[in-house]
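Engineer: need coordinates for the following:
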Amino acid sequence: MKITVDEVKCQNHGLCAISAPDHFELDADGKLAYQETFDKESLDAIEDAIDSCPLQAIVMDRDAA
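Structural biologist: Just a heads-up that it's a prediction; the model follows:
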């Protein structure tokens, strides 16, 4: 499974980093950094991060390896 963040939409609110801190974080400059791939055990946290994004900038591809 894989996620992508639309960098045009993302305004670095950081709500995804609160919902899934193992996969999303704001760097020292306040810019979002994230892991593109994740395993099934992280699915709930990733879904919470997607739902928390006020700009719907996070997209999940369940079929990606």
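Engineer: hey, let's count contacts and neighbours off CA atoms from now on
Structural biologist: Will do.
Engineer: where along the chain do the helices fall?
Structural biologist: 15-19, 43-52 (DSSP state H).
Engineer: helices or strands next to the first one in the packing?
Structural biologist: I take that to be helix 15-19. If you count contacts as 3 or more CA pairs under 8 Å, 6 or more residues apart in numbering; DSSP states H and E, helix 15-19 packs onto strand 24-26, helix 43-52.
Engineer: circling back to that earlier point, and the helices of the chain, which is most packed in?
Structural biologist: Most buried of those, by mean neighbour count (mean count of other CA atoms under 10 Å): helix 15-19, with a mean of 21.
Engineer: which other residues reach that helix?
Structural biologist: Contact with helix 15-19 is made by 23-26, 45-46, 48-50, 52-53, as judged by CA atoms under 8 Å, 6 or more residues apart in numbering.
Engineer: try it again at 7 Å.
Structural biologist: Helix 15-19 has contacts (CA atoms under 7 Å, 6 or more residues apart in numbering) with 24-25, 45, 48-50, 52-53.
Engineer: and what of stretch 26-41?
Structural biologist: Contacts for stretch 26-41 (CA under 7 Å, 6+ apart): 1-4, 12, 14, 23-25.
Engineer: and stretch 49-63, by the same measure?
Structural biologist: Contacts for stretch 49-63 (CA under 7 Å, 6+ apart): 1-6, 9-10, 15-16, 19-20.
Engineer: that stretch: which residues count as buried?
Structural biologist: By neighbour count on 16 or more other CA atoms under 10 Å, the buried set for stretch 49-63 is 49-53, 57-58, 60.
Engineer: for that stretch, what does the pLDDT average out to?
Structural biologist: On average, the pLDDT along stretch 49-63 is 95.
Engineer: span of that stretch from start to end?
Structural biologist: Stretch 49-63 stretches 19 Å from its first residue to its last (CA to CA, to the nearest Å).
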